[in-house]
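Chemist: sequence first, predicted coordinates after that:
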Amino acid sequence: MEAKVNILVLCTGNSCRSQIAEGYLRKFLGGKANVYSAGVETHGVNPRAIAIMAEDGIDISSHTSNLADEYLGIPFDYILTVCDNALERCPYFPSQAKRYHYNFPDPAKAIGNEDEIMLSFRTTRDMIKEYCRLFPNA
């Protein structure tokens with residue numbers, strides 16, 4: 001039986017982009033991976049991120065916002081940073097993890113009316129979905 005790989009997705013506040021990526025990686029990789037997400041800070045899981053993932057049939061409502069330091073003891077095979085701030089501030093993980101980086105737009109910083117903000121969330125969601133669908137060849 002093949003061992004599961006350990007994947008960590010890092011973002012600044014572990015509220016939107018990393019939560020979305022965790023949801024999609026769990027869906028696409030199924031039982032082949034243990035997927036975690038964390039931030040260099042914690043901001044709580046964004047309700048709009050929960051809503052746009054539910055639109056695509058993925059429930060992240062039980063996810064929690066975690067600090068990266070909580071996972072220092074896990075031997076990660078892959079570490080994905082989904083924003084430049086997390087890449088710059090990522091703690092050192094004592095592993096041979098392959099590192100991937102993509103700076104997705106932050107939908108939490110979107111301005112406008114509710115429809116415009118939700119469009120920003122959906123656009124970022126769709127970008128992350130495609131990235132995760134192609135992982136690890138993204």
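Modeler: That came in fine, so what should we check first? Numbering: from 1, shown residues only.

Chemist: how about the helices of the protein, start to end?
Modeler: 17-29, 47-55, 84-89, 114-134 (DSSP state H).

Chemist: right, and N46 touches A108 too?
Modeler: Yes. The criterion here is Cβ atoms under 8 Å, and N46 meets it with A108 at 5.9 Å. C-beta here means a position set from N, CA and C on the backbone, and glycine is covered the same way.

Chemist: more neighbours: which of these two?
Modeler: Set N46 next to A108 and count neighbours by other Cβ atoms under 10 Å: N46 wins out with 21 against 18.

Chemist: which residue packs closest to T124, ignoring adjacent ones?
Modeler: In space, and not counting its chain neighbours, T124 is closest to P107: 4.5 Å by Cβ to Cβ, 6 or more residues apart in numbering.

Chemist: does that neighbour touch R48 like I think?
Modeler: Yes. Between P107 and R48 there is a contact at 7.1 Å, judged by Cβ under 8 Å.

Chemist: show me whatever sits in contact with both of the two.
Modeler: 16, 117, 121 (Cβ atoms under 8 Å, 6 or more residues apart in numbering).

Chemist: which of those sits closest to A3?
Modeler: C16 (30.4 Å; Cβ to Cβ).

Chemist: circling back: neighbour count: P107 and R48, which is higher?
Modeler: Comparing P107 with R48 by other Cβ under 10 Å, the one with more neighbours is P107, at 23 against 20.

Chemist: show me what contacts the more buried one?
Modeler: Neighbours of P107 in contact, by Cβ under 8 Å, 6+ apart: 16-17, 48-49, 117, 120-121, 123-125.

Chemist: mind picking the two most distant members of the residues you listed?
Modeler: R17 and I117 (15.0 Å).

Chemist: so between the two, which is more surrounded?
Modeler: Taking other Cβ under 10 Å, R17 and I117 do not tie; R17 has more neighbours (32 against 16).

Chemist: need the contact list for that one.
Modeler: 11, 82-83, 104, 106-107, 124, 128.

Chemist: repeat for H43
Modeler: 12-15, 65, 108.
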